[in-house]
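**Student:** need coordinates for the below:
(2 chains)
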Amino acid sequence: DTEVTQTPKHLVMGMTNKKSLKCEQHMGHRAMYWYKQKAKKPPELMFVYSYEKLSINESVPSRFSPECPNSSLLNLHLHALQPEDSALYLCASSQDPGIPGELFFGEGSRLTVL
Amino acid sequence: DAKTTQPPSMDCAEGRAANLPCNHSTISGNEYVYWYRQIHSQGPQYIIHGLKNNETNEMASLIITEDRKSSTLILPHATLRDTAVYYCIVRAPTGTASKLTFGTGTRLQVTL
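**Tutor:** Modelled structure (predicted):
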């Protein structure tokens, strides 16, 4: 299994809603990542988890709250988002956080904030 | 991580080789060169990476100049399905979690 699975594929939420994005991998990878991608722009790194601990936060607003309950699962909790937060949210994983190697990306969750 | 420069767009005829250049003149000795691509509305896909030597896999070849200041990704027989944005990224091993930072990439259009 070389897949990173993201759910839901599409999400529409109001600015007062609380929702979560989920990411799962069963490759035994110990690093997991959240990226945000706006239309026609490259992906931008948001968070990196290394061995289930948050190791990089790219100054992301607190309305985005990541969580890594175990080595296979990564969540992104969303609360009080703004319309400008509408984007494709990509999850990725890699085998060893410190050694350069392949990042496996999911297909993304497309978020629309009304 | 070193910055990379890529042309914004390129065209290639189907069946021909696509040669995508990348400049990384400030690369450090321990930084690897990575290539990813992103087909429309999909997640990025790893293609290949290398440090000094040329690399080849089932998808592509990576040619790194001797001074390591530039590289070229070669898709030997481009098909319509290779139409995508191609990202050249430079990244160093850190011993801890490190970033993979995407630049603006090259939009490759493969045509009949």
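**Student:** got the residues of chain A near chain B?
**Tutor:** Counting by C-beta under 8 Å from any C-beta of the partner chain, chain A comes close to chain B at A:4, A:31, A:33, A:42-45, A:48-50, A:55-56, A:90, A:92, A:97-108. From N, CA and C alone the C-beta is placed, and that goes for glycine too.
**Student:** show me just the buried residues among those residues.
**Tutor:** Buried subset of the residues of chain A next to chain B (neighbour count, 16 or more other C-beta atoms under 10 Å in any protein chain shown): A:4, A:31, A:33, A:42-45, A:48-50, A:56, A:90, A:92, A:97-98, A:100-108.
**Student:** show me what from chain B comes close to chain A.
**Tutor:** B:32, B:34, B:36, B:38, B:42-46, B:49, B:85, B:87, B:91-105.
**Student:** which ones among the residues of chain A next to chain B are found in helices?
**Tutor:** With DSSP state H as the criterion, helices contain none of these.
**Student:** so which of the residues you listed belong to strands?
**Tutor:** A:4, A:31, A:33, A:44-45, A:48-50, A:55-56, A:90, A:92, A:104-105 (DSSP state E).
**Student:** which regions of chain B sit below the pLDDT cut-off?
**Tutor:** B:1-2, B:94-97 (pLDDT under 70).
**Student:** redo that, cut-off 80
**Tutor:** Scanning chain B with the threshold set as pLDDT under 80 gives B:1-2, B:92-99.
**Student:** need the residue closest to the centroid of chain A.
**Tutor:** For chain A, the residue nearest the mean C-alpha position is A:Trp34 (3.0 Å; C-alpha atoms, centre = their mean).
**Student:** and what of chain B?
**Tutor:** Nearest residue to the geometric centre of chain B (C-alpha atoms, centre = their mean): B:Trp35, 3.2 Å.
**Student:** and the residue nearest to that one when sequence neighbours are not counted, how many neighbours does it have?
**Tutor:** Once flanking residues are discounted, B:Trp35 sits nearest to B:Ile47: 4.3 Å by C-beta to C-beta, 6 or more residues apart in numbering or on different chains. Neighbour count of B:Ile47, defined by other C-beta atoms under 10 Å in any protein chain shown: 21.
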